[in-house]
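Chemist: Below are the sequence and a predicted model; questions follow.
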Amino acid sequence: MNFGSFFSGRYGMDNFNRFLMILGLVLSFLSMIVRIRLFYTIGVIIWIFALARAFSRAHGNRARENQWFMAKTASVRNFFWKKKTIRNEKKYNHIFKCPSCGQHVRVPKGKGKIEIKCPRCGGTFVKKS
């Protein structure tokens, strides 16, 4: 049996496995800092579990585990995704708040003093972009 045929049909890495690998690594490094052997042991057990998932041939079970993980972490991932999107948007746009209704309005940067019409309430206000 050669190396390529050994990995044929294995599940491989997914988001849950990446999380487990990073968690195991963090716990192992933490054990070196605080000198608690239990962290190292838990980290190694997590690594073994992640490798067992990666080499598994039970694709359906591993996919269900990954879907469960993705559902449980959706709110956290969306929070960071929104922060990243806002940070990228601020490179090219200004975001102003409508003084009458509080709606956030996005306008392009570098257009000088412009009159902005709120899409929600129809009110206008003047700002420098």
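Modeler: Noted; the coordinates are in hand. Everything numeric in this text was worked out from a predicted model, so none of it was measured. Numbering: from 1, shown residues only.

Chemist: helices or strands next to the helix or strand harbouring Asn66 in the packing?
Modeler: Per DSSP states H and E, Asn66 falls inside helix 59-72. Helices and strands touching helix 59-72, by 3 or more Cβ pairs under 8 Å, 6 or more residues apart in numbering; DSSP states H and E, are helix 15-34. Yep, even glycine has a C-beta here, placed from its N, CA and C like the rest.

Chemist: average model confidence for the helix or strand just after the helix it packs on?
Modeler: Using DSSP H and E, the next helix or strand after helix 15-34 towards the C-terminus is helix 37-54. Helix 37-54 shows a mean pLDDT of 95.

Chemist: what sits up against helix 37-54?
Modeler: Outside of helix 37-54, the residues within contact range by Cβ atoms under 8 Å, 6 or more residues apart in numbering are 10-13, 16-17, 20-21, 23-28, 30-32, 62, 65.

Chemist: And stretch 83-102, by the same measure?
Modeler: 103-109, 116, 118, 120-121, 123, 125, 127, 129.

Chemist: Repeat the analysis, applying 10 Å as the threshold.
Modeler: Residues outside stretch 83-102 that contact it (Cβ atoms under 10 Å, 6 or more residues apart in numbering): 103-111, 114, 116-125, 127-129.

Chemist: The residues you listed in strands, which ones?
Modeler: Within the contacts of stretch 83-102, residues falling in strands by DSSP state E are His104, Val105, Arg106, Val107, Pro108, Ile114, Ile116, Lys117, Thr124, Phe125, Lys127, Lys128.

Chemist: So among the contacts of helix 37-54, which ones count as buried?
Modeler: Neighbour-count burial (16 or more other Cβ atoms under 10 Å) is assigned, among these, to Tyr11, Phe16, Asn17, Leu20, Met21, Gly24, Leu27, Ser28, Ser31, Arg62, Glu65.
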